[in-house]
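Enquirer: Provide a 3D model corresponding to the input given below.
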Amino acid sequence: MYRTLPQEWDWQAQIPQGQSVKYDGVDVFEGSYVYKDKKFVPSWGGSMFEALMPGMVIKEKDLGTQALGLNNQRHVELQIEYAKEKGYAAWGFSPSATPTGYSEFAATPLGTSGYKDGATVTAHATFLALDYAPEAVRKNIKALKNFKMFGKYGFYDSLNVETGELAKAYLALDQGMIMVSITNYLQDGVIRDYFHSDVIGQTPEESLKKEVFSIQ
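Expert: Next up is the predicted model:
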């Protein structure tokens, strides 16, 4: 279990910088990467679901204000900046359906072994960011609709922002992330409250509070 992979693993996208901190008698290397002059802890591929999906049920934003919550904020901000750097008209990179199957997509610099972006965005990545950048999400939803991405049953699963090609599929997992994200945003985290009302959800609360990532 690593916050980032060890510094000596030089095949990774960046050599992480940071120091070791002891939590409950365990040494943890609090490493981080840098992109656009902002520090962050990478996910494996650099996709939005890897960074933000746990926060649909875990109170990372509320309890991990100096750790996971802050890191989630960075992933949202940097996904948006990455899309601007590439000149894309919309953002939101995460594994999704394609016209011929399914593939991994990401904001490449945000991953330990970053997936390619493929100029492909997916709606669930936008909605996962609601708690962190609601105004940017609203603007991005409009951008997706301008590409005719909204179908009879909601958003199609992916869009190539360079060609305009759509994956006209509705994936249960991705639609589920959209619905839970909307529910949490409109109902003040009701799904997270429900999960944390159980001992399973309460177990990590102290760890969430005490952690301080080296990304301040």
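
Enquirer: For the rest of this, base every contact and every neighbour count on C-alpha atoms.
Expert: OK.

Enquirer: where along the chain do the helices fall?
Expert: Along the chain, counting by DSSP state H, helices occupy 48-52, 60-63, 68-86, 123-128, 134-146, 172-186, 190-196, 199-202, 205-210.

Enquirer: Output the below-cut-off pLDDT ranges for the chain.
Expert: 1 (pLDDT under 70).

Enquirer: Quick check: most distant residue from the centroid of it.
Expert: Relative to the centre of the chain, and counting by CA atoms, centre = their mean, the farthest-placed residue is residue 25 at 29.6 Å.

Enquirer: In space, what's closest to residue 49 - neighbours in sequence excluded?
Expert: residue 94 (6.1 Å; CA to CA, 6 or more residues apart in numbering).

Enquirer: Can you tell me how far residue 186 is from residue 87?
Expert: 31 Å (CA to CA, to the nearest Å).

Enquirer: now swap in residue 40 and tell me
Expert: 23 Å.

Enquirer: of these two, who's got more company?
Expert: residue 40 (26 against 12; other CA atoms under 10 Å).

Enquirer: what's across from that one in the sheet?
Expert: Under DSSP bridges, the beta-bridge partners of residue 40 are residue 33.

Enquirer: just checking, it touches residue 215?
Expert: Yes. Assessed by CA atoms under 8 Å, residue 40 is found in contact with residue 215 at 5.7 Å.

Enquirer: Spit out the residues that contact these two alike.
Expert: Between them, residue 40 and residue 215 share these contacting residues under CA atoms under 8 Å, 6 or more residues apart in numbering: 32, 71.

Enquirer: List the residues that contact the most centrally placed residue in the chain.
Expert: The centroid of the chain falls nearest to residue 48 when counting by CA atoms, centre = their mean (2.7 Å). Shown in contact with residue 48 (CA under 8 Å, 6+ apart): 75, 76, 79, 92, 93, 94, 106, 125, 128.

Enquirer: ok, and the most crowded of those residues?
Expert: The most neighbours of any of the contacts of residue 48, using other CA under 10 Å, belong to residue 93, which has 32 neighbours.

Enquirer: so who does it touch?
Expert: 47, 48, 79, 105, 106, 107, 117, 120, 121, 122, 125.

Enquirer: Please list the residues outside stretch 57-65 that contact it.
Expert: With CA under 8 Å, 6+ apart as the criterion, stretch 57-65 contacts 55, 68-70, 72, 191-193, 195-196, 201, 205, 208-211.

Enquirer: Ok, stretch 176-183 next?
Expert: Residues contacting stretch 176-183 (CA under 8 Å, 6+ apart): 53, 56, 123, 124, 127, 128, 130, 189, 190, 191.

Enquirer: same check, this time on stretch 67-87
Expert: Against stretch 67-87 from outside (CA under 8 Å, 6+ apart): 35-36, 38-41, 48, 51-52, 60-64, 89-93, 107, 110, 129, 132-133, 208, 211-213, 215.
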